[in-house]
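In: Test case, fold it:
(one chain, ligands or ions: 1)
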Amino acid sequence: MTKKLNIGMIGYGFMGRAHSNAYSQVNHFFDLDYQPVLKAACARNEAEVKAFAGKWGYESVETDWRALVARKDIDAIDICTPNDLHKDIALAAAEAGKIILCEKPLARDGNEGEVMVQAVEKAGVPNMVWYNYRRVPAVTLAKQLIDEGRLGRIFHYRSVFLQDWTISADLPQGGHNLWRLDAGAAGSGVTGDLLAHCFDTALWLNGPMEDVTAMTETFIKERMHNLTGKMEKVGIDDACAVMTRFANGSLGTFESTRYARGHKSKYTFEINGEKASIAWDLHDLHRLSYFDHGDDSVVRGWHSVHATDHDMPYMGKWWVPGLQIGYEHSFIHQVADFLDGLAQDKVTSPTFKDALATQYVCDAVLASAQSQAWQTIKT
Ligand code: SOE
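Out: As a prediction, this is how the structure comes out:
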């Protein structure tokens, strides 16, 4: 019989919606021992959280996350708040013995992340961080191809995450929707928000990085702060470029900006190996580009693999071959894997500990941009 897993969701923004959708959909498509129940939604603004709860079908609301964490009928806490609340909520939830799912990045920096890892490990509670792009079928396929040795020795890992939504100097910082521009709430700018995705995927596909050198820029130095009503210094990085060495000997380059006019969410990676190369682009997320040097020379070239057949990762659970899925499905896949892990008493990656490794890369990047010197990445 299916076991109910009562979810307490904290936050109702973009990610609150993405996760709620995943919980609602997962049992329609995956055969699982657990079924998430949208038990309670929590946010400070009562009217907003009630509207959110009504739309998604949450059974109740709370306006204080501590009251939610204290509730006996909640099994799992999902943290979808701005980054500055991740640590306190996670610590309280671990103390209360709750399962914890936390939106990325794990924390504002490695120090906060370490405390969170200690807390979940001490409490022995299942935990996971929502680095969703690992579960796009074409990205999971990339992992399979690498693990099968099809690329051979890896030489290069190249990745960018480009957006353009903060170019206007009139855009304020802080508060609902714009906390990503407020260093106090976010911790950092594109490094923690966007490069963190690139680093998580890279660590998963290509293994640990050893050291980094980086530069950052803040193009708009002051913005009106929504919470104070005053012009305040902008503390986040608007753009960041990184060079790194991976432990497997390959070289990595990463770039992220919110000032790439014309790009809305252009996340790409390309990996060049001795035998083959692969490339992926979020704007065409169901395709994996693949070049195999072993192909007969007269047909050798870049293949565009449409990752929709039933033998592609996760795709057997969806429609008929050729019909593609999208962004929101990566979250559904992540919940499916997590619930399956719970049923089998197995850890589902990325755990808090895995996400701490990404946090350490971000810390080293920001430290390098500051010191203008190479930085060793903490392990
Ligand atoms: C920022 O605009 C953002 O929403 C990130 O916070 C998400 O993690 C990323 O997937 C898309 O862009």
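In: Next, the contact list for the residue in the stretch 151-300 of the chain positioned nearest to the ligand, please.
Out: Across the stretch 151-300 of the chain, no residue is closer to the ligand than Asp193, which sits at 4.8 Å (C-beta to the nearest ligand atom). No exception for glycine: its C-beta is placed from N, CA and C like everyone else's. If you count contacts by C-beta atoms under 8 Å, 6 or more residues apart in numbering, Asp193 has them with Pro105, Arg180, Ala186.
In: before we move on, what SS does it have?
Out: helix (DSSP: H, G, I helix; E, B strand; the rest coil).
In: Can you tell me how far it is from Pro36?
Out: 26 Å (C-beta to C-beta, to the nearest Å).
In: again, but for Ser250
Out: 39 Å.
In: Who has more neighbours out of those two?
Out: Pro36 (24 against 20; other C-beta atoms under 10 Å).
In: what is the nearest residue to Ala239 once chain neighbours are set aside paired to in the beta sheet?
Out: Using C-beta to C-beta, 6 or more residues apart in numbering and skipping the chain neighbours, the partner closest in space to Ala239 is Thr257 (3.7 Å). Under the criterion DSSP bridges, Thr257 forms beta bridges with Leu162, Ala239.
In: In contact with Thr257, which residues?
Out: Counting by C-beta under 8 Å, 6+ apart, Thr257 has contacts Leu162, Gln163, Val190, Asp238, Ala239, Cys240.
In: Equivalent analysis for Leu85, please.
Out: Ile10, Trp65, Ile79.
In: Hmm, the second one is touching Ala40, no?
Out: When you say that, I think you mean Trp65. No - look at Trp65 against Ala40 with C-beta atoms under 8 Å: they stay out of range, at 10.4 Å.
In: Residues that sit against both of the two, list them.
Out: In contact with both Trp65 and Ala40: no residue, using C-beta under 8 Å, 6+ apart.
In: before we move on, back to that, out of the contacts of Thr257, which touch the ligand?
Out: Gln163 (C-beta under 6 Å from any ligand atom).
In: Same list (the contacts of Thr257) but as JSON lines, adding pLDDT and neighbour count.
Out: What follows is these, written out as JSON lines (pLDDT from 0 to 100; neighbours: other C-beta atoms under 10 Å):
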{"residue": "Leu162", "pLDDT": "98", "neighbour count": "21"}
{"residue": "Gln163", "pLDDT": "98", "neighbour count": "19"}
{"residue": "Val190", "pLDDT": "98", "neighbour count": "26"}
{"residue": "Asp238", "pLDDT": "98", "neighbour count": "20"}
{"residue": "Ala239", "pLDDT": "99", "neighbour count": "19"}
{"residue": "Cys240", "pLDDT": "99", "neighbour count": "25"}
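In: so which of the contacts of Thr257 comes closest to Gly175?
Out: Asp238 (18.5 Å; C-beta to C-beta).
In: got the contact list for the closest one?
Out: Asp238 makes contacts with Thr166, Gly189, Val190, Thr216, Glu217, Thr218, Phe219, Ile220, Thr257, Arg258, Tyr259, as judged by C-beta under 8 Å, 6+ apart.
In: Now secondary structure too, for these, in JSON lines please.
Out: Formatted as JSON lines, these follow (three-state DSSP):
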{"residue": "Thr166", "secondary structure": "coil"}
{"residue": "Gly189", "secondary structure": "coil"}
{"residue": "Val190", "secondary structure": "helix"}
{"residue": "Thr216", "secondary structure": "strand"}
{"residue": "Glu217", "secondary structure": "strand"}
{"residue": "Thr218", "secondary structure": "coil"}
{"residue": "Phe219", "secondary structure": "coil"}
{"residue": "Ile220", "secondary structure": "coil"}
{"residue": "Thr257", "secondary structure": "strand"}
{"residue": "Arg258", "secondary structure": "coil"}
{"residue": "Tyr259", "secondary structure": "coil"}
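In: buried subset of those?
Out: Using 16 or more other C-beta atoms under 10 Å as the burial test, those include Thr166, Gly189, Val190, Thr216, Ile220, Thr257, Arg258, Tyr259 as buried.
In: would you turn those into a markdown table with distance to Arg287?
Out: Formatted as a markdown table, the buried ones among the contacts of Asp238 follow (distance: C-beta to C-beta, whole Å):
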| residue | distance to Arg287 |
| --- | --- |
| Thr166 | 29 |
| Gly189 | 29 |
| Val190 | 25 |
| Thr216 | 31 |
| Ile220 | 35 |
| Thr257 | 24 |
| Arg258 | 25 |
| Tyr259 | 27 |
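In: Pick the one among those closest to Arg71.
Out: For those, the nearest to Arg71 is Gly189 (35.0 Å; C-beta to C-beta).
In: any idea how far Asp78 is from that closest one?
Out: In terms of C-beta to C-beta, Gly189 sits 24 Å off from Asp78.
In: All the helices of the protein, residue numbers only.
Out: Remark: helices assigned in the chain by DSSP state H are 14-29, 46-56, 65-70, 86-95, 110-123, 137-147, 183-186, 190, 196-206, 327-343, 352-371.
In: any idea which of the contacts of Asp193 is closest to Phe269?
Out: Pro105 (18.1 Å).
In: Pretty sure that closest one sits against Ala196.
Out: Yes - using C-beta under 8 Å, Pro105 is in contact with Ala196, at 4.4 Å.
In: Up against the ligand, what does the chain have?
Out: So the chain meets the ligand at Phe14, Gln163, Asp193, His197, Ser265 (C-beta under 6 Å from any ligand atom).
In: What is the nearest of those to Ala93?
Out: Scanning the residues of the chain next to the ligand for proximity to Ala93, where the rule is C-beta to C-beta, the winner is Phe14, at 21.3 Å.
In: wait, Ile332 sits on Ser24?
Out: No - with contacts counted by C-beta under 8 Å, Ile332 stays clear of Ser24, the gap being 9.2 Å.
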